[in-house]
Structure formats: C-alpha cells, structure tokens
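1. need a structure here:
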Amino acid sequence: MVIGRILHPSYHVAVLELQKFEPDKIVEAFKRRGAHITLLSNELDPELEIESFMSSSYGEYVYLMKFKGKTFIARHGKPLEGKDWKSPKKFIARDENGLKRLILSRISWKERLLLELPPFVIWAFVIFEIMKMVGDNPIISFAWIFVGFVLNEVAKLFEYLLLGYCEG
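-> From the prediction side, this is the model:
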C-alpha cells in the first residue's frame, strides 16, 4: 500500500477471522513465539480492557483473533503468519488512540457504525454531486473510474489522519 510506505505507521494490525480453528492451539502458538495475548471478555468495558492490554504489552504488530464466541488480542515485535489462515484484513494505526479506535470498531458494531457512518455519508454526497455534474457523458464516466483509484488512496489518507487508522 502506497499510503503505508509514506506515513510510517506506529502499528500494523491484522484482523484474523478464525472461526473454524480451536482457540487453544493458536493461542499457544502465539505464546510460544513470544506474543502477549489477552482474552477480551464481555464482563468489563471493552475500552478499559484495550487500554489495559496496550499498557501491559509492547510491539508494533497487533493481532485481533476472532473465534466462535471468543476474541483475543495479541501483540508482538515481529510479524507472525499462519499457513492455514486465509488472508487477514490488514490495517495501519498512527498512534495508541488510533489503535484503540480500530480495535473497538472491530469488536463492537455500535462503535463501528459511529466511526464509519460519517465518512460513508460524506463520500456518498461527493459521488452524487459528481454524477450530477457528469451526466450522461461516457468518456468522463470512464475517466472517473481511474480517478476513483486515486480518490481511494486519498480517502485512506484522510481516514489515517482523522481517525488514526486505515485499511492497509
């Protein structure tokens, strides 16, 4: 990703959907490799759990592992990969606040909606206005496809600067 190379993020985050795996085996494998792992429980406030995890661990690589009914967070100084995992969603975070927002948005639908709805509404308005200006001109419509690739990177830059994280 171009944005990731330019911005030099503080954290690299991978969201792993591991529904078909047993949590015990993967958690033990992460522990053997030296990762700090925490189980997110529904008993405490998620924000407090995440802050506690961040203050008690170190490393620039963070892994959010989602199993059936359980969610774990792991942190390590080096990238870790599993051969049986399907490709995880990767994100970059600017600082600890961005990392906290990212993790909260991935574990709570309410937080995700609050964080992702405003940019969606803004981009929908921009696209609607552009389509109104373009009209039925096929050449300009075709050109907007290529401009869309650049706008996607610009949108990621704004997300990184405003929210503190973006998809990488």
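2. What is the burial count for residue 62?
-> 23 (other CB atoms under 10 Å). C-betas here are computed from N, CA, C, even on glycine.
3. so how far is residue 110 from it?
-> Residue 62 sits 21 Å away from residue 110, going by CB to CB, to the nearest Å.
4. can you check residue 123 too?
-> On the measure of CB to CB, residue 123 and residue 110 end up 21 Å apart.
5. secondary structure class for the residue nearest to residue 68 when sequence neighbours are not counted?
-> Closest residue to residue 68 apart from its sequence neighbours, by CB to CB, 6 or more residues apart in numbering: residue 19 at 5.5 Å. State at residue 19, reduced to three classes by DSSP: H, G, I helix; E, B strand; the rest coil: coil.
6. thinking again about what came up before, between residue 123 and residue 110, tell me which one has more neighbours.
-> When residue 123 and residue 110 are compared for neighbours, residue 123 comes out ahead with 13 against 9, by other CB under 10 Å.
7. Where does the closest residue to that one other than its chain neighbours sit: helix, strand or coil?
-> Nearest residue to residue 123, sequence neighbours excluded (CB to CB, 6+ apart): residue 155, at 6.8 Å. At residue 155 the chain is in helix, as set by three-state DSSP.
8. Which elements pack onto the host helix or strand of residue 129?
-> Assigned by DSSP states H and E, residue 129 falls within helix 109-134. Counting contacts by 3 or more CB pairs under 8 Å, 6 or more residues apart in numbering; DSSP states H and E, helix 109-134 is packed against helix 96-107, helix 138-163.
9. Centre of the chain to it, how far?
-> 18 Å (CA atoms, centre = their mean, to the nearest Å).
10. Same question for stretch 78-86.
-> With CA atoms, centre = their mean as the basis, stretch 78-86 stands 17 Å off its chain's centre.
11. Mind listing residues that contact it?
-> 12, 16-18, 21, 26, 29-30, 33, 35, 59, 61, 63, 74 (CB atoms under 8 Å, 6 or more residues apart in numbering).
12. what's the answer for stretch 39-51, then?
-> For stretch 39-51, the external contacting residues (CB under 8 Å, 6+ apart) are 38, 70, 71, 72, 73, 100, 103, 104, 107, 108.
13. quick one on the thing from earlier: which parts of the helix holding residue 129 are buried?
-> 111, 115 (16 or more other CB atoms under 10 Å).
14. Which helix or strand contains the residue nearest in space to the middle of the chain?
-> By CA atoms, centre = their mean, the chain has its centre lying nearest to residue 91, at 4.0 Å. Applying DSSP H and E as the criterion places residue 91 in strand 89-93.
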